[in-house]
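1. only geometry, no sequence info:
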Ligand SMILES: O=C(O)CCC(=O)C(=O)O
Ligand SMILES: [Fe+2]
C-alpha cells in the first residue's frame, strides 16, 4: 500500500492511455469568425438524431437527500429511494450533500477563471505527463475520429502523501488549494455514499470500501456553437469507466442528456445538487443490478457550459468482480484487474462497442 501510494500516477495510471493532441475548441470559436461546415466538419456527428429527446421526463430524475439518509427516522425510506435510483436510473441528484458552500463556490470560480486564461498559459499544462492528464484533451485515439466540442483540464488526484502539485496550474493563484479542498470533500462524500450503496445491496461496506480509493478529476469547458449546435456534441454517448462519478454543473447551463428506455432525457441543472452516476465498475460489481447508463453532452448556441467530473476509481492494481446475492445466480461479467479494464476503456480497439460489452461473459 505504501509503495503503491508512493509510486503515484507513474506507478499505474500513466499506462492507461494517451491521447493525440487536439486543437482548443475555445480558441477555434474565438478566432474562426463564422463557423462554417468547412471549419467544423470533424465535429459534425452523423448519428445525433438517432433517438428521441424527451424533455418532459426531466423532472423524473431521482433526487436523493443525503441528510435524510444519515438520520435515523428517515434513513429506511431514503435507502429505498437510493436503491431505486441506482437500479432503475443509474443517475440521480443528491441534495444536502454536506460539501460546504465555500468549497463549491471556490472551485466554480477558479474553473471559470482558469478557462478564461490566455491559450499560451493553459498550453503550459497541455499533456503534462504524456498521459490522460493536462489541458485541452478530448480523448482522441485516431486521426479519423469525430471530435467533441469542448476543452478539458484533467488531473489524477494522488493520495496526499504522494501528491506532487508542482505540475498543477499555478493560475488562478487559489486554484491548487480549491482543487485540493473540492477533491477531498468529494472523496468524503463518496465514502458516505458508498457505505449507503452497500446498504442498498445488503453487503458488507468493506466490500465497497476500496472501490473509490483514487480520483480522476476532469474539468470540462464547452463553448457555444453559433452555427450548427444541433449537429455537434460536447461529449459523445459513453458510460463512465468509474465506480461512481460525481458531477458538478458549474454554471447551470443545461447540456447533459441521459439514455433511458432508448430515448435521451435532458437533465435540468439543480444549483444545490451534485449529480451522481453509477459507473461501469459498479455495474460489474453488482452483476448488472445497477446499470452504468450512457449519457452525452449537447451544446448551447449562445452560452458556454462548464462542469467538473470526479471519477471515483479503485486503485490501479485492484480487482473488480461481480458479487452474487444467491448461489443460483449466474455470473454475467468477467473478473478483471482495474488497470486492465481501464486500458480497454481508453483503447482504440473498441470498434464502436462499449468496454462493458467486453467485460460481459457471453450467454451460454
Ligand atoms: O459535462 C457533463 O455534464 C458530463 C460530463 C461527463 O459525462 C464526463 O465527464 O464523463
Ligand atoms: Fe460521463
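-> Now that the structure is in, tell me what you want to look at. Just so you know, these numbers come straight off a predicted model, no measurement behind them. Residues are numbered from 1 along each chain as shown. Ligands and ions are numbered 1, 2, ... in the order given.

2. how about the strands of the stretch 151-300 of the chain, start to end?
-> 151-157, 214-222, 233-238, 244-249, 256-260, 263-266, 274-278, 295-298 (DSSP state E, counting those that start in this stretch).

3. quick check: bridge partners of the residue positioned nearest the centre of the chain?
-> In the chain, the centroid-proximal residue (Cα atoms, centre = their mean) is residue 309; its distance is 4.3 Å. Counting by DSSP bridges, residue 309 is bridged to residue 218, residue 247.

4. wait, doesn't it sit right on residue 234?
-> No: when contacts are counted by Cβ atoms under 8 Å, residue 309 is not listed as touching residue 234 (11.8 Å). C-beta here means a position set from N, CA and C on the backbone, and glycine is covered the same way.

5. which residues do those two both contact?
-> residue 220 (Cβ atoms under 8 Å, 6 or more residues apart in numbering).

6. near ligand 1, which residues of the stretch 151-300 of the chain?
-> For the stretch 151-300 of the chain, the contact set with ligand 1 under Cβ under 6 Å from any ligand atom comprises 218, 220, 235, 240, 247, 255, 256, 295, 297.

7. quickly check these for the two that are furthest apart.
-> Using Cβ to Cβ, the pair of these lying farthest apart is 240 and 255, separated by 16.1 Å.

8. could you report the neighbour count for residue 46?
-> A count of nearby residues for residue 46, using other Cβ atoms under 10 Å, gives 8.

9. could you number the chain from 32 rather than 1 from now on?
-> With the count now opening at 32, the last piece we talked about shows up as residue 77.

10. pLDDT score for it?
-> pLDDT, residue 77: 84.

11. my reading is that it lies in a helix. Confirm?
-> No: read with DSSP: H, G, I helix; E, B strand; the rest coil, residue 77 is coil and lies in no helix.

12. list phi and psi for it.
-> phi -70, psi -30 (degrees, to the nearest 10).

13. do the same with the one 3 residues further on
-> According to degrees, to the nearest 10, the main-chain angles of residue 80 amount to phi -100, psi 20.

14. could you check how many residues crowd around it?
-> 10.

15. low pLDDT regions in the stretch 282-395 of the chain?
-> For the stretch 282-395 of the chain, residues meeting the criterion pLDDT under 70 lie at 379-380, 394-395.

16. in contact with residue 223, which residues?
-> 97, 101, 129.

17. now pLDDT too, for these, in a markdown table please.
-> Output for the contacts of residue 223, formatted as a markdown table (pLDDT from 0 to 100):
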| residue | pLDDT |
| --- | --- |
| 97 | 97 |
| 101 | 92 |
| 129 | 97 |
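
18. now these: which count as buried?
-> residue 97 (16 or more other Cβ atoms under 10 Å).
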